[in-house]
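>>> My questions are about this predicted structure, shown below with the sequence.
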Amino acid sequence: MSSVYYPDYLQLDKILGAQAPESKKAGNEAHDEMLFIIIHQAYELWFKQVLHEVGSVIDMFADENVDDNGGELNIAVHRLERVKTILDLLVQQMDVMETMTPLDFLDFRDLLRPASGFQSMQFKILEARLGLRMEARFGKQYYTSQLTPAHKAEIDALEKLPTLLELVNRWLERMPFLQAKYWDGKDGAFFDALETIYVNSLVKGEEGNAAMWRTIFKDGNAERKLSPAASRSALFIMLYRDEPIFQQAFRFMQSLLDIDAGMGSWRSRHVNMVHRMIGLRVGTGGSTGKAYLKGAMDSHFIFSEIADLSSFLFERKKLPALPATVKLAIGFRG
């Protein structure tokens with residue numbers, strides 16, 4: 001039986017020896033540079049764990065045979081909820097960073113150029129794997145400009161891989177319960193009935209939503225990532241989420257929105273921290289600092305089309321009863 005030694009198992013000699021302050025090398029060590037290094041190393045370790053969790057969920061969905069009735073979807077929900085908890089922790093970690101004052105930061109900031117969090121490969125990979133394509137990025141003209149050629153090639157290669165958002169779209173398109181065979185050929189009539197109920201629920205100022213319904217659930221829009229078929233399935237799950245078979249699918253979609261919210265909170269806190277530390281100065285990597293981060297925060301929500309579907313909900317009491325054929329199909333049977 002092998003004997004595992006705690007420091008060796010965690011490779012603490014490598015981890016605890018990985019802090020090399022630039023100010024110390026320059027002969028005038030800045031006390032807070034150690035804090036700065038450790039906080040960013042901790043971020044990168046947590047990004048690695050997040051990529052581990054997200055990657056496993058992508059693998060589950062990539063074979064296009066997600067076991068909705070078994071444990072696979074439950075595992076996906078559990079792992080994405082873990083990702084959200086980690087993102088919450090990353091936001092809280094800003095509290096420690098902000099014990100460093102702007103003058104403390106200036107003691108070593110110029111020694112960091114051109115290094116910048118803008119060069120965090122793992123965060124760029126995470127965004128790309130979740131579903132943020134290059135054409136949708138804020139400041140895409142210089143998004144990879146600060147990377148090494150090898151890292152730039154790695155980011156470019158991700159554009160050829162399916163994202164979690166794309167795989168979720170396919171998963172929703174495969175949902176069988178809106179197929180004509182369950183509706184005696186009247187599946188379209190059911191969604192027409194939902195549209196009528198929804199349109200009649202609109203109030204003054206919401207008249208344009210009727211056209212949005214047709215675009216999202218019928219005609220489609222080339223700019224949208226969710227197809228009309230996927231959008232119809234997602235809305236069906238949201239409206240009938242109290243049916244046992246849809247509860248886990250609903251939780252899965254909510255976990256995607258939680259991740260978007262968590263990343264948005266992290267970006268928001270990061271914007272405020274950067275403004276507090278450097279004001280309106282440019283970042284060490286050459287970005288516009290606060291202005292760039294604010295633009296990314298506002299435009300980099302990945303699962304916003306799922307969140308948009310809440311616009312098309314209405315009261316439970318107005319929900320049409322499902323036909324017996326559908327009730328039988330979605331029920332749990334021994």
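Cool, got the structure. Numbers count the residues shown, from 1 in each chain.
>>> Find the nearest non-adjacent residue to A249, please.
The shortest distance from A249 to any residue that is not its chain neighbour, by CB to CB, 6 or more residues apart in numbering, is 5.0 Å, and that residue is I237. Just so you know, the C-beta spots here come from the backbone N, C-alpha and C atoms, and that holds for glycine as well.
>>> ok, now M273?
Nearest one to M273, counting by CB to CB, 6+ apart, is M94 at 5.5 Å.
>>> what helix or strand is the one you found on?
Using DSSP states H and E, the secondary-structure element containing M94 is helix 72-97.
>>> that older thread, I'd say the residue nearest to M273 and R267 touch.
No. Taking CB atoms under 8 Å as the contact criterion, M94 and R267 are not neighbours in contact, 11.2 Å apart.
>>> which of the two has more neighbours?
Neighbour count, other CB atoms under 10 Å: between M94 and R267, R267 has more, with 18 against 15.
>>> Run a quick check on the more buried one versus F301, I expect a contact.
No. Here R267 lies out of contact with F301, judged by CB under 8 Å, at a distance of 9.7 Å.
>>> about what we covered before: so what secondary structure elements neighbour the helix holding M94?
If you count contacts as 3 or more CB pairs under 8 Å, 6 or more residues apart in numbering; DSSP states H and E, helix 72-97 packs onto helix 33-62, helix 244-278.
>>> And those: which comes nearest E81?
helix 244-278 (5.6 Å; CB to CB).
>>> and that closest one, what other elements does it pack with?
helix 72-97, helix 102-106, helix 228-239, helix 290-299, helix 304-308.
>>> and those, which one is worst for confidence?
Within the helices and strands packed on helix 244-278, the stretch with the lowest mean pLDDT is helix 290-299, showing a mean of 60.
>>> mind showing which ranges of the stretch 101-250 of the chain have poor pLDDT?
Per-residue confidence of the stretch 101-250 of the chain (counting by pLDDT under 70) places the weak regions at 138-142, 187.
>>> Tell me which stretches of it form helices.
Using DSSP state H, counting those that start in this stretch, the helices found in the stretch 101-250 of the chain span residues 102-106, 121-130, 149-158, 164-174, 187-201, 209-214, 228-239, 244-278.
>>> in the shortest one, what counts as buried?
Put plainly, it is helix 102-106. By neighbour count on 16 or more other CB atoms under 10 Å, the buried set for helix 102-106 is D104, F105.
>>> for the fifth one, same thing?
Taking 16+ other CB under 10 Å as the neighbour-count basis, helix 187-201 is seen to contain the buried residues D187, F190, F191, L194, E195, Y198.
>>> and the residues you listed, which two are the farthest apart?
In the buried residues of helix 187-201, the most distant members under the criterion CB to CB are D187 and Y198, with 17.0 Å between them.
>>> quick revisit: what angle sits between the helix holding M94 and helix 244-278?
Using axes from the mean of the first three to the mean of the last three CA atoms, to 10 degrees, the direction of helix 72-97 lies 20 degrees away from that of helix 244-278.
>>> Helix 72-97: how far from the chain's middle?
In terms of CA atoms, centre = their mean, to the nearest Å, the gap separating the centre of helix 72-97 from the centre of its chain is 11 Å.
>>> How many residues are close by the residue nearest to V54 when sequence neighbours are not counted?
Counting by CB to CB, 6+ apart, R129 is the residue found nearest to V54 once chain neighbours are left out, at 5.8 Å. Using other CB under 10 Å, R129 has 20 neighbouring residues.
>>> how near is R129 to H78?
From R129 across to H78, the span is 18 Å (CB to CB, to the nearest Å).
>>> before we move on, the earlier item: of all the helices and strands packed on helix 72-97, which one is nearest F314?
Ranking the helices and strands packed on helix 72-97 by distance to F314, with CB to CB as the measure, places helix 244-278 first at 16.5 Å.
>>> starting at the chain centroid, how far to the closest one?
Computed by CA atoms, centre = their mean, the chain-centroid distance of helix 244-278 equals 7 Å.
>>> Next, the buried residues of that helix.
246, 248-267, 269-271, 273-274, 277-278.
>>> What is the burial count for the closest residue to P162 other than its chain neighbours?
Ranked by CB to CB, 6+ apart and with sequence neighbours excluded, the top spatial neighbour of P162 is A62, at 6.7 Å. Around A62 there are 14 other residues, counting by other CB under 10 Å.
>>> re earlier: for the residue nearest to M273, give me its contacts.
With contacts taken as CB atoms under 8 Å, 6 or more residues apart in numbering, M94 has the following neighbours: R269, H270, M273.
>>> When you compare pLDDT across those, which one is lowest?
Per-residue pLDDT puts H270 lowest of these, at 82.
>>> ok, back up a step: can you say which of the helices of the stretch 101-250 of the chain is nearest to Q49?
Proximity to Q49 (CB to CB) singles out helix 121-130 among the helices of the stretch 101-250 of the chain, at 10.1 Å.
>>> ok, back up a step: and the helices of the stretch 101-250 of the chain: which comes nearest A26?
That would be helix 102-106 among these, by CB to CB, at 14.1 Å.
>>> Counting neighbours, what do you get for the closest residue to N209 other than its chain neighbours?
The shortest distance from N209 to any residue that is not its chain neighbour, by CB to CB, 6+ apart, is 5.7 Å, and that residue is L202. When counting by other CB under 10 Å, one arrives at 14 neighbours for L202.
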